[in-house]
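**Student:** Dropping a prediction and its sequence here:
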Amino acid sequence: MLVISITSCKDVITSDAFYEKDATHLVQDALDKKVDSVLNLMTLEEKIGQMNQYNGFMDFTGPVPKSEDIKRKLEHIKLGYVGAMLNVRGVKEVRAVQKIAVEQSRLGIPLMFGFDVIHGYETMSPIPLAEAASWDLKAIQESARLAAKEASAAGINWTFAPMVDISRDARWGRVMEGAGEDPFLSSEIAVARIQGFQGTDLTSQESILACAKHFAAYGFPEAGREYNNADIGTSTLYNTVLPPFKASNDAGVRTFMNSFNQLNGIPATANKFLLRDILKEQWGFKGFVVSDWGSVAELIPHGYAQDGKAAAKVAVNAGTDMDMESHLYVHELANLVKEGLVDKSVIDDAVRRILKVKFELGLFDNPYKYCDLERENRVTGSKEIIDGALDMALKSIVLLKNENQLLPLDKNGKNVVLIGALASDKNSALGNWRAAAKEHTGISILEGMQQYDADIVYSKGPELILGKAEFTKEIRINNTDITGISEAVKAAKDADIVVMVLGEHGLQSGEGRSRTQLTLPGVQQELLENVYEVNKNIVLVLQNGRPLALPWAEEHIPSIIEAWQLGSQSGNAVAKVLYGDYNPSGKLPMSFPRNVGQVPIYYNSKSTGRPSLPSPDFVFWSHYQDEKNDALWGFGHGLSYTAFEYADLRVTDNFSFNGTLEVMVQLKNSGKVKGKEVVQLYISDKFSSAATRPVKELKGFELVELETNASTCIKFLLDQSHLGFYDNEGNWLIENGSFDIWVGGSSEAALKATIELTALE
Ligand code: BGC
């Protein structure tokens, strides 16, 4: 029963046309007319209904208010009091719920169906932090495209991704979900992911809405404790936190999600400065903002609203357009409008934004666009998607250390022993945020290695966790039971090489999973050191969702691979790298500390007045008594089975302020095999009158593949967007003066040039 009289949107609202500059205003006008034609038919309650999102029929995160039950939710859909659902998935379920909205509500406005498609839907790709380690934007975009393809086939039309929160604190569990510590890399990756999810045509059956989250500063919780408040200065806010969000908006992301945290004393969900002043006014965001789960209601415990009514009022007035699972808009907004505490125009603006996105998706043309059972069966777990997951997993692996060429392993005949509970775990490597994945469906490292060595000896060692790992429950780590260590030591004694798979359980990072320690959990360090006593030829394969502090391993273990949680194809990818069928090229998107006491640690820090030791033993400089200042493995670090040489860094001297600056460097593969290198360019604005600049900032990178002995010239173009920054009032500035430029294979890049910018008036 679609009672709205509108012509088909298809001819006008293809996003191709939508994004074409010349046609934009025409398309926008047509779209606005359609939106208004619907809006004019709606009662206040129906409008508010569009601003209400309910969780489906599973409790995934957060407390669900007890007062609402399924029956009530379905009743609300019939009344037109629901605009979107989350966690309703699968063609059968989505079709059934959509049918109620379309056929039984008065206006028949279709629902959106959201889901956390964070790194794959049913087929899991690597956790986002791992994907970021590839620095391969094409691959990341393709990974998001495949995730959208699989999710859309299951009825989903909106993902709550990408998470673009910068974080410098590995104690925070959600670093697994972002792209690390750097605003430039994170912005590029955000755009790649958005393009992958949304495609070039939102009306395509394979495109889903993306959502830039969590706006803003959720990645800066004090002391790394989940949901804790962020107190950050404007320099960090404008130059570090906001850029990936701005890039997301510029890339056409259709939705934003705000965050649980307070920012400088004001909860993000009710933060007018963030939502209205910056996002909607300054950046001109045209999509809509959804709250985080229950975050409108959380304004009460935050101490920002005394009750539900006040919470709904401040959230909506601040610019939160849709309420996810607080049930407060649907209960409070109509009265607030009637009492004059919320202006009708605020409601109309929010509803317009939401309806517009539904038109853009093509839901008014076909509400069942994502509900094709045959497509669901054909696409889910298809070869294309599995191959894509393997490709992304291979590209995400980082070789941290490889002494004495212990790797790659010899395919013929070395006696390799595999140790560690994670090595045979088919669940953990799927990582967190994998609600649609089938349990225990990841290829384990043991299975991967068995394809090369059918009789490989495997000794599990002690358990990592006790009991079953569950998404909503605390993980219980085995901290005491060392059963299995002596057997592992025995197995390792006569091996040529020992591969040890250690790290964190897949559900040890993610939401609600902060840690105060960054060491190997449980008794794994003890296992490692015991095995090392009898056999020093150890390849350590790390599986973890955050940077860990592993100084002992870095000092003693000859070869170390960072294999994160690589998803469904994890074991196949790791085995290919171990046996040399794939040459790793990943680089760290986040610094690995030596000690948790260094956190937050990040390469692009500011200097201090006393940055270096002036004379031996002198104490009054910026340092620790008991630890070095630098990271164990810094941002951008990652090795290869081949070697790369950098030479001949040149910078053109014809820089004028309206032009570009060319930076060139010669790269040679001087090793024995073909390989890929991420060439990285960093700048430092040495002196600034407005606000100090970081000691180094990434401003360009290029993934290059070279045959052995081949050389190539890499060229970067730097323009004003790379050399400027935001002052503490949020104004964009570029100043004359000296800039250092480094190019190399990590943030430790050694080749340096200095330029003098003089062209500014
Ligand atoms: C998370 C969001 C997520 C939402 C819906 C919240 O707890 O913070 O990132 O999208 O739940 O599952």
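**Tutor:** Cool, got the structure. Numbering: from 1, shown residues only.

**Student:** My read is that Phe245 contacts Asn258, right?
**Tutor:** No. Taking contacts as CB atoms under 8 Å, Phe245 lies outside contact range of Asn258: 10.7 Å. Glycine gets a C-beta too; all of them are placed from N, C-alpha and C.

**Student:** Those two - which one has more neighbours?
**Tutor:** Legend: neighbour count by other CB atoms under 10 Å for Phe245 and Asn258, higher for Asn258 (31 against 28).

**Student:** what residues are up against the more buried one?
**Tutor:** Counting by CB atoms under 8 Å, 6 or more residues apart in numbering, Asn258 makes contact with 213-216, 268-269, 271, 274-275, 289-292, 295, 320.

**Student:** So which of those residues wins on neighbours?
**Tutor:** Most neighbours among the contacts of Asn258, by other CB under 10 Å: Thr269, with 35 neighbours.

**Student:** Okay, that one and the ligand: tell me how far apart.
**Tutor:** In this view, Thr269 and the ligand are 12 Å apart by CB to the nearest ligand atom, to the nearest Å.

**Student:** Name the nearest residue to that residue, sequence neighbours excluded.
**Tutor:** The shortest distance from Thr269 to any non-neighbouring residue, by CB to CB, 6 or more residues apart in numbering, is to Ser295 (4.3 Å).

**Student:** how about the strands in the stretch 1-150 of the chain?
**Tutor:** In the stretch 1-150 of the chain, the segments counted as strands under DSSP state E, counting those that start in this stretch are 52-55, 84-86, 112-115.

**Student:** picking up where we left off before, quick check: neighbours shared by Phe245 and Asn258?
**Tutor:** With CB under 8 Å, 6+ apart as the test, Phe245 and Asn258 both reach 215-216.

**Student:** contacting residues around the residue minimising distance to the centre of the chain?
**Tutor:** Centroid check for the chain by CA atoms, centre = their mean gives Gly178 as the closest residue, at 2.6 Å. Shown in contact with Gly178 (CB under 8 Å, 6+ apart): 128-129, 132, 163-167, 186, 219.

**Student:** on that earlier part again, what would the strands of the stretch 1-150 of the chain look like in CSV with mean neighbour count, distance to the ligand and mean pLDDT?
**Tutor:** Formatted as CSV, these follow (neighbours: other CB atoms under 10 Å; distance: least, CB to the nearest ligand atom, whole Å; pLDDT from 0 to 100):
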stretch, mean neighbour count, distance to the ligand, mean pLDDT
strand 52-55, 25, 8, 96
strand 84-86, 26, 6, 97
strand 112-115, 26, 8, 98
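
**Student:** Using a markdown table, lay out the ones you listed together with distance to Asn229.
**Tutor:** What follows is these, written out as a markdown table (distance: least, CB to CB, whole Å):
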| stretch | distance to Asn229 |
| --- | --- |
| strand 52-55 | 25 |
| strand 84-86 | 26 |
| strand 112-115 | 26 |
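
**Student:** Among those strands, which comes closest to Lys414?
**Tutor:** With CB to CB as the criterion, Lys414 lies closest to strand 112-115 of those, at 44.9 Å.

**Student:** okay, the closest one in PDB with CA atoms only?
**Tutor:** The C-alpha trace of strand 112-115 is given here as PDB (Å, rounded to 0.1, in the frame of the first residue of the first chain):
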ATOM      1  CA  MET A 112      16.200   1.000   6.400                       C
ATOM      2  CA  PHE A 113      17.900  -2.000   7.800                       C
ATOM      3  CA  GLY A 114      21.300  -1.300   9.500                       C
ATOM      4  CA  PHE A 115      23.900  -3.800  10.600                       C
END
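
**Student:** who does it touch, helix- and strand-wise?
**Tutor:** Secondary-structure packing of strand 112-115 (3 or more CB pairs under 8 Å, 6 or more residues apart in numbering; DSSP states H and E): strand 84-86, helix 91-99, strand 158-159, helix 344-361.

**Student:** of the ones you listed, which approaches Lys490 most closely?
**Tutor:** Nearest of the helices and strands packed on strand 112-115 (CB to CB): strand 158-159, 47.8 Å.

**Student:** Look at the residue in the stretch 201-350 of the chain that the ligand sits nearest to and give its secondary structure.
**Tutor:** Closest approach of the stretch 201-350 of the chain to the ligand (CB to the nearest ligand atom) occurs at Trp293, with a separation of 3.8 Å. Here Trp293 is recorded as coil under DSSP: H, G, I helix; E, B strand; the rest coil.

**Student:** Just confirm it contacts His327, I think it does.
**Tutor:** No. With contact defined as CB under 8 Å, Trp293 does not count as touching His327 (11.7 Å).

**Student:** what about the closest residue to the ligand within the stretch 451-600 of the chain, neighbour count?
**Tutor:** Ranked by CB to the nearest ligand atom, the top residue of the stretch 451-600 of the chain for proximity to the ligand is Glu511, at 5.5 Å. Glu511 has 21 neighbours, counted by other CB under 10 Å.

**Student:** So what does Gly675 have for phi and psi?
**Tutor:** phi -160, psi 170 (degrees, to the nearest 10).

**Student:** Stretch 513-527: how far from the chain's middle?
**Tutor:** 23 Å (CA atoms, centre = their mean, to the nearest Å).

**Student:** From one end of that stretch to the other, what's the distance?
**Tutor:** Start-to-end span of stretch 513-527 (CA to CA, to the nearest Å) is 24 Å.

**Student:** Now stretch 719-731: buried residues?
**Tutor:** Using 16 or more other CB atoms under 10 Å as the test for burial, stretch 719-731 gives 722-723, 725-727.

**Student:** what about dumping the CA coordinates of that stretch to PDB?
**Tutor:** C-alpha atoms of stretch 719-731 as PDB (Å, rounded to 0.1, in the frame of the first residue of the first chain):
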ATOM      1  CA  ASP A 719      50.300  21.200  -2.500                       C
ATOM      2  CA  GLN A 720      48.700  23.500  -0.100                       C
ATOM      3  CA  SER A 721      46.500  20.900   1.400                       C
ATOM      4  CA  HIS A 722      49.600  19.000   2.500                       C
ATOM      5  CA  LEU A 723      51.500  21.900   4.000                       C
ATOM      6  CA  GLY A 724      48.700  23.700   5.900                       C
ATOM      7  CA  PHE A 725      47.100  23.000   9.200                       C
ATOM      8  CA  TYR A 726      44.300  24.200  11.500                       C
ATOM      9  CA  ASP A 727      44.900  26.800  14.100                       C
ATOM     10  CA  ASN A 728      43.300  26.600  17.500                       C
ATOM     11  CA  GLU A 729      40.100  28.300  16.300                       C
ATOM     12  CA  GLY A 730      39.700  25.900  13.400                       C
ATOM     13  CA  ASN A 731      41.000  28.200  10.700                       C
END
